[in-house]
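Asker: fold the following, please.
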Amino acid sequence: MPLTHFLGLLALVILAAGLTVLLLVWTEAPLAAVAFAALVGSLILGVRQWR
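Answerer: Below is the predicted model of the structure:
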């Protein structure tokens with residue numbers, strides 16, 4: 001992977017994380033609910049790969 005693609009991907013991941021935190025603060029959602037949703041999403045994607 002070229003360095004420019006890697007740095008662009010890294011910047012997009014950091015931007016997405018920042019937008020997620022801003023959305024969390026703006027909606028005043030509890031952090032535990034967002035963490036639980038991320039955990040469930042990760043488990044669902046993991047199970048789909050096993051099939």
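Asker: count of residues packed around residue 34?
Answerer: Using other C-beta atoms under 10 Å, residue 34 is surrounded by 15 other residues. Placement of C-beta: from N, CA and C, glycine included.
Asker: what helix or strand is it on?
Answerer: Using DSSP states H and E, residue 34 maps to helix 31-50.
Asker: now swap in residue 29 and tell me
Answerer: With DSSP H and E as criterion, residue 29 is part of no helix or strand.
Asker: how about it, phi and psi?
Answerer: phi -80, psi 150 (degrees, to the nearest 10).
Asker: helices and strands around the helix or strand of the chain with the lowest mean pLDDT, which ones?
Answerer: Lowest by mean pLDDT, DSSP states H and E among the helices and strands of the chain is helix 31-50, with a mean of 89. Counting by 3 or more C-beta pairs under 8 Å, 6 or more residues apart in numbering; DSSP states H and E, the packing neighbours recorded for helix 31-50 are helix 3-27.
Asker: okay, the angle between the least confident helix or strand of the chain and helix 3-27?
Answerer: Here the directions of helix 31-50 and helix 3-27 differ by 140 degrees (axes from the mean of the first three to the mean of the last three C-alpha atoms, to 10 degrees).
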